[in-house]
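> following is a predicted model, sequence given first.
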Amino acid sequence: MSTFDSFSNNSNKLFTSSPNTNIETVKTIPIDKSTNEELLFVCCFDKGSGELGLNHLKSLKKQGIENYMAFIADKSTYELVQSHGFKCTLINDANFSTNQKTFGNPDFVEFSFLRYKFINESLKTYKSVWYLDVDTVVLDNLNSIYPEYVGKGYDIVFQNDVHQIQNCTGCMLYFSNQKTLDMTDYVYKGMNWQIPDQHFVNYFLFHNPGVFKTTMFDLERFPNGLIFFDKPELIGLSREFEDFKINFFRNKDKTKKLAFVHANWMVGIDTKINAIKKKGLWYL
């Protein structure tokens, strides 16, 4: 059984208990409203994922993306990011470990819910918020892709993670409305150390059918780790996913330009960094 599957089994217990509302308030520096109020790109990281975070921000800069905000969970990393000239906000009084986090451990799971605090806050100011994990590398100006999803009634656009927990929370475009404000607030307050946020969100949507209009980004332009990276870096794959990977490459449209890549489907910061380096996408 894969790590994904074990968490999936635990997820069934999720809605049998009330959300955890005993969460310490996280104070942030207000977002500078001089940025583009139509759309804000958001990421969140700390010392443990600092190198990935800087590489992610450099990829945004290389594509001319300036309407972003990085939320940083510790002062030393905040000062480092600031010294590189990137826009960032210090998360004050956040009681989160800044050590490297491994997928599935309590620190990782807890930190994975923090993004919804800032997505929620940003949705009160911006028409749309596009969250990106820092183990992603942006390869196109996503501002030019954004209009493809505007005006179609979508509440959320997710990356396709292929797995049964399909809506990937490492790449999410939220459109601001009362439903998405309520949802992101609920997810943050529902923080549950037993399962990562992606499982929580997928089961939330499953238990609220027809409430949210969602869609997925084109997998050929927004590949996940299974699709883009080499097998040695990936978690152990079942035959089903090995076949999917082979067939995807056999049938994909090679004329489509990559918009970004996501170093998920692998465990460990060093593994992710090495995988990104092997693809020539490390900019530090």
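Structure's in. What do you need?
> residues contacting the residue most central in space within the chain?
Central residue of the chain (CA atoms, centre = their mean): residue 170, 2.0 Å from the mean position. Contact analysis of residue 170 by CB atoms under 8 Å, 6 or more residues apart in numbering lists 131, 132, 133, 135, 136, 159, 198, 262, 264. Heads up, the C-betas are built off the backbone N, CA and C, glycines and all.
> which residue is the nearest non-sequential neighbour of it?
In space, residue 170 comes closest to residue 133 once its chain neighbours are excluded; the distance is 3.6 Å by CB to CB, 6 or more residues apart in numbering.
> residue 264 is in contact with the one you found, correct?
Yes: counting by CB atoms under 8 Å, residue 264 is a contact partner of residue 133 at 7.4 Å.
> and what about residue 199, helix, strand or coil?
helix (DSSP: H, G, I helix; E, B strand; the rest coil).
> surely it is in contact with residue 167?
No: if you go by CB under 8 Å, residue 199 and residue 167 don't touch, sitting 10.1 Å apart.
> which stretches of the stretch 1-150 of the chain form helices?
Secondary structure of the stretch 1-150 of the chain (DSSP state H, counting those that start in this stretch): helices at 3-11, 50-62, 75-83, 106-112, 115-123.
> follow-up on the earlier one: make JSON lines out of the contacts of residue 170 and add pLDDT and distance to residue 148.
Output for the contacts of residue 170, formatted as JSON lines (pLDDT from 0 to 100; distance: CB to CB, whole Å):
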{"residue": "131", "pLDDT": "99", "distance to residue 148": "18"}
{"residue": "132", "pLDDT": "99", "distance to residue 148": "17"}
{"residue": "133", "pLDDT": "97", "distance to residue 148": "21"}
{"residue": "135", "pLDDT": "97", "distance to residue 148": "24"}
{"residue": "136", "pLDDT": "99", "distance to residue 148": "19"}
{"residue": "159", "pLDDT": "98", "distance to residue 148": "14"}
{"residue": "198", "pLDDT": "92", "distance to residue 148": "24"}
{"residue": "262", "pLDDT": "98", "distance to residue 148": "19"}
{"residue": "264", "pLDDT": "96", "distance to residue 148": "23"}
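> which one of the residues you listed is nearest to residue 179?
residue 131 (16.6 Å; CB to CB).
> quick check: bridge partners of the closest one?
With DSSP bridges as the criterion, residue 131 is bridged to residue 42, residue 172.
> that one: how many residues sit nearby?
By other CB atoms under 10 Å, 21 other residues sit near residue 131.
> now it: how far from residue 274?
Distance of residue 131 to residue 274, computed by CB to CB, to the nearest Å: 25 Å.
> this completes my enquiry, with thanks.
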